[in-house]
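Trainee: below are the sequence and a predicted model for it; my questions follow.
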Amino acid sequence: MKIVVLIKQVPDTAEERRLEPDTGRLDRDANEPVIDEITERALELALTVKDKDKSTEVVVLTMGPSEASKAIRKALSMGADSGIHVLDDALSGADLTITSAALAAALRNTDADLVIAGNESTDGRAGIVPAMIAEHLGYPLLGSLLSADITHGMVTGERQTEAGTQNVRAPFPAVLTVTEGFDEARFPNFKGIMGAKRKPVATLSASELGVGSTPRSSVLDLAERPARAAGRKIVDGGAAAAELVDFLTAQRLI
C-alpha cells in the first residue's frame, strides 16, 4: 500500500497572524513556520497504518517556498519514507485553483492508493483543496472523518453531520481528510532525525507538472480587525438577574 500525506507549513498558530497590507496575503515571516497540526494528525494516521503493515510506503507532499523543506524533513524524521516538494516561484501566492491543480498533478505520478490530508489548514481555512484534488483525479472523497479504518483496497470511516453521524467507505484509490478527533502526532526520536537526512526528497516545478500560474484570485481590499470594546459590567444591586436577562435577550443569546 502506498499512502501520500499532504502536509503544509504554516505560521505558528499559537501567535497572532497578520496579512501583508500590500498584497493581502498572509505574512509568513511574522511568525515561526511549523507543520500545520492537522496535517501532522494526517501523517500520524498514515504512520499508524505503516506500524501495522511494514510494507506500507508513506510519502509526504507539500507545495511551498524553499523554507517548506524543513517541514518535509520533520515529517521524514517522524517516520515517512520520502518526500515531494512542489517548489516554484511562479506558484508564490497561488490560490485554491492553482494549488489543487499543482498538487493533483504531482499526485498523478505517485501511484498512491490513498491520499490523506487535514480537513482544513489553520492559515487559509478554506477546507476545499482536498475535494478539488479528488475532483481532478477522479477519486472518491471521504471528508472530515472522525475515525478511519484503512485496509488493503478499502477505507471506511465515520463522519459527523448536523443530523448525527454517517458511516462511509470507498475503494482505493481515494482521498480522505482527518479532523482534530484523530490522534496527535508522535515526536521524532534521535534515530528518526538522523535517518531523515538520508531519505529522498524530489523537487518538482510548475513546468514539470504542466501547471500554469493563471488564473488566480487576488485580494481587492483589507482592513485590520477593530479592537475589542470593553465588556459591560453588571453590579448586583438587587436587580442583576433581570439586567442579565435583558442583556442576553438584546444580544439574541436567549
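Mentor: It's in.
Trainee: now do the contacts for L114.
Mentor: Contacts for L114 (CB atoms under 8 Å, 6 or more residues apart in numbering) come out as 1-4, 150, 155, 172-176. Heads up, the C-betas are built off the backbone N, CA and C, glycines and all.
Trainee: per-residue confidence at it?
Mentor: pLDDT, L114: 97.
Trainee: which strand residues bridge it?
Mentor: I3, A174 (DSSP bridges).
Trainee: for G138, see how far away it is.
Mentor: 15 Å (CB to CB, to the nearest Å).
Trainee: equivalent analysis for A206, please.
Mentor: 22 Å.
Trainee: those two: which is more packed in?
Mentor: For A206 versus G138, the count of surrounding residues by other CB atoms under 10 Å is larger for A206: 21 against 8.
Trainee: wait, what's in contact with the more buried one?
Mentor: Contacts of A206 by CB under 8 Å, 6+ apart are 86, 88, 90-91, 102, 212-213.
Trainee: flag the least confident of these.
Mentor: S213 (72).
Trainee: skipping adjacent residues, who's closest to that residue in space?
Mentor: A90 (4.6 Å; CB to CB, 6 or more residues apart in numbering).
Trainee: so the one you found lies in a helix, does it not?
Mentor: Yes: judged by DSSP: H, G, I helix; E, B strand; the rest coil, A90 forms part of a helix.
Trainee: surely it meets L209?
Mentor: No: counting by CB atoms under 8 Å, L209 is not a contact partner of A90; they are 10.8 Å apart.
Trainee: for the longest helix seen in the chain, what is the average pLDDT?
Mentor: As assigned by DSSP state H, the longest helix anywhere in the chain is helix 37-52. Average pLDDT, helix 37-52: 96.
Trainee: next: stretch 154-168.
Mentor: Mean predicted lDDT for stretch 154-168 stands at 91.
Trainee: give me the contact list for it.
Mentor: Contacts of stretch 154-168 (CB under 8 Å, 6+ apart): 114, 142-149, 169-172, 174, 176, 179.
Trainee: hmm, which of these are the buried ones?
Mentor: If you count burial by 16 or more other CB atoms under 10 Å, the buried members of those come out as 114, 142-145, 148, 170, 172, 174, 176, 179.
Trainee: looking at the residues you listed, which is nearest A42?
Mentor: Lowest distance from A42 to the buried ones among the contacts of stretch 154-168 (CB to CB) belongs to L176, with 8.6 Å.
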